[in-house]
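Enquirer: Need a 3D model of the following:
(one chain, ligands or ions: 1)
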Amino acid sequence: MTEPARVQRGLEEVVALESRICFIDGKLGRLIYRGYDIRDLAAKATFEEVAHLLWYGRLPNVRELADLKGRLGDLRRLPDPFLRTIEALPADASPMDVLRTAVSALALYEPAETKPGATAIAGAERLTAALPSILGTFHRRRRGLPALRPRPELSQAAYVLYAILDRDASELEERALDVALILHADHELNASTFAARVTASTLSDLYSSVTSAIGALKGPLHGGANERAIELAEQIGTPDRADAIVKEKLARHERIMGFGHRVYKVEDPRATILREWSRKIGEAKGDLHYYEVLERVKEIVHQEKGLYPNLDLYSGSVYTPIGIPHDLFTPLFAVSRVSGWTAHILEEYEDLRLIRPTAQYIGPTDLAWTPIANRT
Ligand code: COA
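Expert: Residues are numbered from 1 along each chain as shown. Below is the predicted model of the structure:
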């Protein structure tokens, strides 16, 4: 046997590839999309501008932005037989499972979009436009709401809110969701993006790569953390109860969802921005209790474990007062992150190298074959 190699469990700190899309400075708490600081993008950009930036490598001019919005608006309409497929899914299914199944199924109706190469950018736009329609179609059916109208005139954020809430969003709600979509759009080689790139690196198609990514995002250590964080805030109820509940969980060695990060050693800059939106939405709705509970949880977890919040701590405290149900938080993460996944898949296709690491084998090698009759 060869000398044992040093195993980097969880590929921690392994630099797997070169990318021009996203940079995280974990020590300084900076996040950059294609050269632009997330703080500037969250303050000044729209999700559509950010999607253009991720896919095409630069901010759009007025005409390019209008064209992209027009295309995304038109692409919201889904084929009728595909809509019937979504409607046939169990009404009590998890929306993440629905999203994963639906993206995979959509490929059957759009074979031309699934090929790597020139059509992949069209597939990126198609999936980014389609995800809110898929989610809205499923959610409205399970709630007995009227069928979704594609509403091409709405921004992505306004359309997502209309699809879920069955009403037009206020300006503040639309901007809050727009910022949340910008903050979730990309995050370097996070687990789901890596899963997407691994699939794309086999020269598999865009829809298969995004399906892999949705499966990875679903886990509670990744995108699923946001639902658990709001459940904790609800369990706590009022800030004065936070001390006892959080300390008891920590004493039982439970993880507090929405804290800690593989890359950030300081506060996640997205958490800083979303905390402010949690306060703004709370004030506008006359209910600051999520914000206040999470503020207290933040203090205790930092004091007890030295951990900082990540983005997932606050997203639910922005979504819940708007009326978005908990089981749509992780799907909303996908609605945004699909822009980043597809940017990475496109980059993978441009500079393709099969991603295939090796394992340090630690099992036996020289066992003698035992005939089945002799096995105990
Ligand atoms: N709550 C309590 N303790 C935590 C913690 C959390 N959220 N996150 C990390 N820790 C502790 C671990 O128990 C470990 O302590 P130990 O050394 O005493 O055993 C230490 O911090 C290091 O954790 P580790 O799991 O090695 O870090 P990681 O880089 O593998 O983990 C996460 C990164 C994100 C998986 C982890 O922080 C976590 O599980 N967070 C909660 C889920 C979450 O919010 N995910 C969204 C990420 S954006």
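
Enquirer: Quick one: end-to-end distance for stretch 279-295.
Expert: 10 Å (CA to CA, to the nearest Å).

Enquirer: Ignore what I typed, I meant stretch 320-335.
Expert: Terminal residues of stretch 320-335 are spaced 17 Å apart (CA to CA).

Enquirer: So for it, what gets flagged as buried?
Expert: In terms of neighbour count (16 or more other CB atoms under 10 Å), stretch 320-335 has its buried residues at 320, 321, 322, 324, 328, 329, 330, 331, 332, 333, 334, 335. Where you see a C-beta, it was placed from the backbone N, CA and C, and this is true even at glycine.

Enquirer: Closest one to the ligand out of the residues you listed, please.
Expert: Each of these was checked against the ligand using CB to the nearest ligand atom; the closest is residue 333, at 9.8 Å.

Enquirer: other SSEs contacting the host helix or strand of that closest one?
Expert: Residue 333 belongs to helix 329-350 when assigned by DSSP states H and E. Helix 329-350 makes packing contacts with helix 47-56, helix 95-109, helix 120-143, helix 171-184, helix 191-200, helix 206-217, helix 225-236, helix 312-322 when contacts are defined by 3 or more CB pairs under 8 Å, 6 or more residues apart in numbering; DSSP states H and E.

Enquirer: quick one: it to helix 120-143, angle?
Expert: If you take axes from the mean of the first three to the mean of the last three CA atoms, to 10 degrees, helix 329-350 sits at 160 degrees to helix 120-143.

Enquirer: mind checking how far helix 329-350 is from the chain centre?
Expert: On the basis of CA atoms, centre = their mean, to the nearest Å, helix 329-350 sits 8 Å off its chain's mean C-alpha point.

Enquirer: do stretch 359-376 as well
Expert: 42 Å.

Enquirer: How about stretch 303-322?
Expert: Put simply, stretch 303-322 sits 15 Å off its chain's centre (CA atoms, centre = their mean).

Enquirer: what does stretch 317-327 give?
Expert: Here stretch 317-327 is found 16 Å from its chain centre; the criterion is CA atoms, centre = their mean.

Enquirer: just to revisit the earlier point, as CSV, the helices and strands packed on helix 329-350 with mean pLDDT and distance to residue 348 would be great.
Expert: CSV is the format used below for the helices and strands packed on helix 329-350 (pLDDT from 0 to 100; distance: least, CB to CB, whole Å):
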stretch, mean pLDDT, distance to residue 348
helix 47-56, 98, 13
helix 95-109, 96, 17
helix 120-143, 95, 10
helix 171-184, 98, 20
helix 191-200, 97, 4
helix 206-217, 96, 8
helix 225-236, 94, 26
helix 312-322, 96, 26
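
Enquirer: For the ligand, which of these is the nearest?
Expert: Closest approach to the ligand among the helices and strands packed on helix 329-350 is made by helix 225-236 (3.5 Å; CB to the nearest ligand atom).

Enquirer: list the helices and strands that closest one packs on?
Expert: Contacting helix 225-236 under the criterion 3+ CB pairs under 8 Å, 6+ apart are the following elements: helix 242-251, helix 289-305, helix 312-322, helix 329-350.

Enquirer: would you turn the ones you listed into TSV with distance to the ligand?
Expert: Shown next, in TSV, are these (distance: least, CB to the nearest ligand atom, whole Å):
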stretch	distance to the ligand
helix 242-251	6
helix 289-305	5
helix 312-322	5
helix 329-350	10
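
Enquirer: For residue 154, find the nearest of the ones you listed.
Expert: Closest to residue 154 of those is helix 329-350 (CB to CB; 13.8 Å).

Enquirer: Let me see the mean pLDDT of the closest one.
Expert: Rounded to a whole number, the mean pLDDT of helix 329-350 is 96.

Enquirer: For the residue in the chain positioned nearest to the ligand, which non-adjacent residue is spatially closest?
Expert: Relative to the ligand, the nearest point of the chain is residue 260 (2.3 Å; CB to the nearest ligand atom). Distance criterion CB to CB, 6 or more residues apart in numbering; nearest residue to residue 260, sequence neighbours excluded, is residue 307 at 4.8 Å.

Enquirer: Tell me if that neighbour really is in a helix.
Expert: No: using DSSP: H, G, I helix; E, B strand; the rest coil, the assignment for residue 307 is coil, not a helix.

Enquirer: wait, it sits on residue 258?
Expert: No: look at residue 307 against residue 258 with CB atoms under 8 Å: they stay out of range, at 9.7 Å.

Enquirer: More neighbours: those two, which one.
Expert: A count of neighbours by other CB atoms under 10 Å puts residue 258 above the other of residue 307 and residue 258, at 28 against 18.
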